[in-house]
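Novice: got a sequence here, can you build the structure:
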Amino acid sequence: MNEIIDAKLPPPLAPLEHVVISPENMALEARLALVEPLSKTEYNRLLAQRDRLQQQLADGNYRSLLENKEQLLHDQAILQEYVDKVNIVLDNKPDDAYWLAQYDQTMEVLDPINDKLKLIQKLYYSELAVYLIEQRLADEPLVIQRWQEDQQDRKGMYEEAKIYKQIIIDRLTRLGFKHEYTRNNRTRVDKVKIESVDYSKDAIYYKIAGSYRTLLGGWKTQLPDRVKVGEMVDEKTLFELSHACQRQVTAVSNVHGAWFVVHRLDTVDGLMSYVKFQSVMSRYPKKSHWEMPICLGVGLYRQIWWISLSEYPHWLVAGYTKSGKSNLINVGICTLISQQSPDDLRLILVDLKGGLEFNFYDGIPHLHGSIIDTVEGAANALMQLEGIMAQRFEELRAAKVKNIEEYQMKFGPSAMPRVLFVFDEVASIGNHGDLTKRIIASCESLVQKGRATGTHIWFCTQRPEVKVIPGSIKANLALRITGRMPDAASSQTVLGTSAAKDLAPILGRMAILMGSDVIQIQTPHITNDDVYHAIEAAKAFTLPTALPVPEVTIIDRQWTPEKIVELSIKHLKANIGWLPVHEAIREDVTREQARQLVEAVWAMERIFYDGQEYRVANGKGRTKMLKRVETAEIQNSE
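Specialist: Modelled structure (predicted):
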């Protein structure tokens, strides 16, 4: 298989010039600039920059600061809290000399601590810069090799383009797209002309010569007399050209001209039929390393589709047996564990097929806990993840930041590692009564709020049924991927369109819904050897400290059963179900905590609010309500 390049020719939807300036092609040029060989001056400049940063990092004072970082953070938190209290006093007593002196003294101590922490942050990112420079220098031999191979390929494509050009012109002439006339007793033939040729590794583009501007400012057509462009680009003509070239030939036309496109790939949809995992990983975008990029596959024009876990936090991967969904999940996991350290990412793996799909990941340092293979274990793990999310919201509020990205910028990436929950065969949770309800409730909470705290979920199933993945969950899944589906209804369930039904019957061919766009790709094939190599790379990382997990049985102190009673009567029309209660206080407690609070109310012997006694009674359907206890009922009970 030819090597993949992340490059494509400008689509013939505008006049083709030497360079077509468009946002798409500007982004392309920016990508290509990253893989061009370095000049000797640039190479030496990177070496000098690396040495300068390394010298700076070797400073002994910096190392001593790092050792005292935790103490500095502790002191800063205490002093900052004291400053805030003094500010409150000064707002009420602006002329109080004692508190003004206390404020000045505290700031004198706090400012040096803040300066030291800023220095630690600056030097930390210097370490990151050294790492990126060393990676770029290490990649230079590969970049040079790819550039040389690309140049050699272009020479071969140039010769191939000349051959197909002649075949197309000759075939059009035989089909009658010509004009014969006699001049000076000689029969002449005016043939169709090709104005320009552009090519890539996927296709060759031939622009049909239409008209040109004369020296006197007029316009003259180059098409033979009585030859029509519309007839040249119809299906019958394209079939004849495809047969002559022994390649698929299509056409694109608009007001700017018409193009014949000779596809060099052997598939009808213009996509590659096979992509190696190692081929795409050799193009891993190291510059975007901290966004945790993952390759979904290769699309038209051999464009590699990298997406970041931070931008697409929750996935739905669907598709029937042998459609490639398990392969894609393994591609994502292996990419992450081989490129990200356990300090930056932890995994929770749920495999309800008996643990067979993920058993080879057992023992990697990224794994939080053991691989889960029961529905009850999945419910408990999701409840634990809800607790982690709730705890992280408290940490974000305390740090006065909005999301995990800002928190990591402030304290470093390892201060709050992302947690990825991979849920294989999620359809197996159906028909498990309360466990099913608990799992669905936890998933709803996590996909709605998990992005800010760096908690992510990947759902993997053959067909996402509504009873397992309801609309409230599916609406929050930013990325939906599916293999070939047997009918339009199954495709509609996942993508909202019938695109998955029309996929080519090729292993690894999948459709992606990103926003409102459906894109077809060929996902990379990952072999057992690729998985083992990724696991070996993962095991090379040092074992991290255990992920802090809060006790989910501890209820947030500001909410007590008594306050839940007040909330129910004053704001929920006496509804005492745990779902409406959680919806009202979701920013403060997890679903599990809300359920525990409500069950504590149900278990109360006597419920009083504002001098009135209430009891728990069944409402409409399965709801529970707080109803007033009448005087007669009280007397009878006594």
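Novice: need the next SSE after whichever strand or helix holds Asp190, C-terminal direction.
Specialist: Using DSSP states H and E, Asp190 sits in strand 186-191. Under the assignment DSSP H and E, the closest C-terminal helix or strand after strand 186-191 is strand 194-199.
Novice: parallel or antiparallel, list what pairs with that next one.
Specialist: strand 203-208 (antiparallel) (DSSP bridges).
Novice: sorry, back to before: for the strand holding Asp190, which outside residues touch it?
Specialist: With contact meaning Cβ atoms under 8 Å, 6 or more residues apart in numbering, strand 186-191 is reached by 169, 172-173, 177-182, 224-225. (Glycine included, C-beta is placed from N, CA and C.)
Novice: hey, C-alpha coordinates of it in PDB?
Specialist: Output in PDB follows, covering the C-alpha atoms of strand 186-191 (Å, rounded to 0.1, in the frame of the first residue of the first chain):
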ATOM      1  CA  ARG A 186      -6.200  18.500 -46.800                       C
ATOM      2  CA  THR A 187      -8.600  17.100 -44.200                       C
ATOM      3  CA  ARG A 188      -8.000  18.400 -40.800                       C
ATOM      4  CA  VAL A 189      -9.400  17.400 -37.400                       C
ATOM      5  CA  ASP A 190     -10.100  19.900 -34.600                       C
ATOM      6  CA  LYS A 191      -9.900  17.800 -31.300                       C
END
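Novice: what residues sit buried inside that strand?
Specialist: Neighbour counts over strand 186-191 (16 or more other Cβ atoms under 10 Å) mark no residue as buried.
Novice: also stretch 532-545?
Specialist: Here stretch 532-545 shows 533-535, 538, 541, 544 as buried, counting by 16+ other Cβ under 10 Å.
Novice: now, which of those residues sits nearest Lys162?
Specialist: His533 (42.2 Å; Cβ to Cβ).
Novice: returning to what we had before: which of the buried residues of stretch 532-545 lies closest to Ile506?
Specialist: Taking these together and measuring to Ile506 by Cβ to Cβ, the closest member is Ala534, at 24.5 Å.
Novice: name the nearest residue to the closest one, ignoring sequence neighbours.
Specialist: Leaving out its chain neighbours, the residue that sits closest to Ala534 by Cβ to Cβ, 6 or more residues apart in numbering is Cys334, at 3.6 Å.
Novice: how deep is that neighbour tucked in, by neighbour count?
Specialist: Cys334 is flanked by 23 other residues according to other Cβ atoms under 10 Å.
Novice: cool, the one 10 residues further on as well?
Specialist: Residue neighbour count, defined by other Cβ under 10 Å, stands at 22 for Asp344.
Novice: the one 4 residues further on now?
Specialist: Other residues lying near Ile348 total 25 when counted by other Cβ under 10 Å.
Novice: which of the contacts of strand 186-191 fall in helices?
Specialist: For those, the ones inside helices are 169, 172-173, with DSSP state H as the criterion.
Novice: let's test this: mean pLDDT of the helix or strand containing Ile294, rounded?
Specialist: Secondary structure assignment for Ile294, by DSSP H and E: strand 293-298. For strand 293-298, the mean pLDDT works out to 91.
Novice: contacts for it?
Specialist: Contacts for strand 293-298 (Cβ under 8 Å, 6+ apart): 4, 271-272, 275, 280-281, 284-285, 304-309, 328, 331-332, 335-336, 481, 508, 510, 512, 521-524.
Novice: rerun that using 6 Å as the cut-off
Specialist: 4, 272, 275, 280, 285, 304-308, 332, 335, 521-523 (Cβ atoms under 6 Å, 6 or more residues apart in numbering).
Novice: right, and the helix or strand after it?
Specialist: strand 304-308.
Novice: which parts of that following strand are buried?
Specialist: Applying 16+ other Cβ under 10 Å to strand 304-308 flags 304-307 as buried.
Novice: which of the contacts of strand 186-191 count as buried?
Specialist: Judged by 16+ other Cβ under 10 Å, buried ones among the contacts of strand 186-191: 169, 172, 177-178, 224.
Novice: can you list the residues you listed in a markdown table and add distance to Thr436 and pLDDT?
Specialist: What follows is these, written out as a markdown table (distance: Cβ to Cβ, whole Å; pLDDT from 0 to 100):
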| residue | distance to Thr436 | pLDDT |
| --- | --- | --- |
| Ile169 | 66 | 93 |
| Leu172 | 64 | 94 |
| Phe177 | 66 | 93 |
| Lys178 | 71 | 92 |
| Pro224 | 71 | 90 |
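Novice: dump these to TSV, plus distance to Ala203.
Specialist: TSV is the format used below for the buried ones among the contacts of strand 186-191 (distance: Cβ to Cβ, whole Å):
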residue	distance to Ala203
Ile169	18
Leu172	19
Phe177	22
Lys178	26
Pro224	26
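Novice: now the two most distant members of the residues you listed.
Specialist: Ile169 and Pro224 (11.3 Å).
Novice: circling back to that earlier point, closest one of the ones in helices among the contacts of strand 186-191 to Ala594?
Specialist: Leu172 (72.7 Å).
Novice: ok, and the closest non-adjacent residue to that closest one?
Specialist: With Cβ to Cβ, 6+ apart as the criterion, Leu172 has its nearest non-adjacent residue at 4.9 Å, and that residue is Val192.
Novice: how near is Phe411 to Val419?
Specialist: Phe411 sits 17 Å away from Val419, going by Cβ to Cβ, to the nearest Å.
Novice: those two - which one has more neighbours?
Specialist: Each of Phe411 and Val419 has its neighbours counted (other Cβ under 10 Å); Val419 has more, 23 against 19.
Novice: what domains does the record give for the protein?
Specialist: The record's domain parsing of the chain by automatic domain parsing lists 40-152, 277-539, 561-637.
Novice: the first one spans what distance, first to last residue?
Specialist: Put plainly, it is domain 40-152. 23 Å (Cα to Cα, to the nearest Å).
Novice: now do the strands in the stretch 201-350 of the chain.
Specialist: 203-208, 211-213, 219-221, 249-254, 257-263, 293-298, 304-308, 315-318, 345-351 (DSSP state E, counting those that start in this stretch).
Novice: tell me which of the ones you listed sits most buried.
Specialist: Of all the strands of the stretch 201-350 of the chain, strand 315-318 has the most neighbours on average by mean count of other Cβ atoms under 10 Å, namely a mean of 26.
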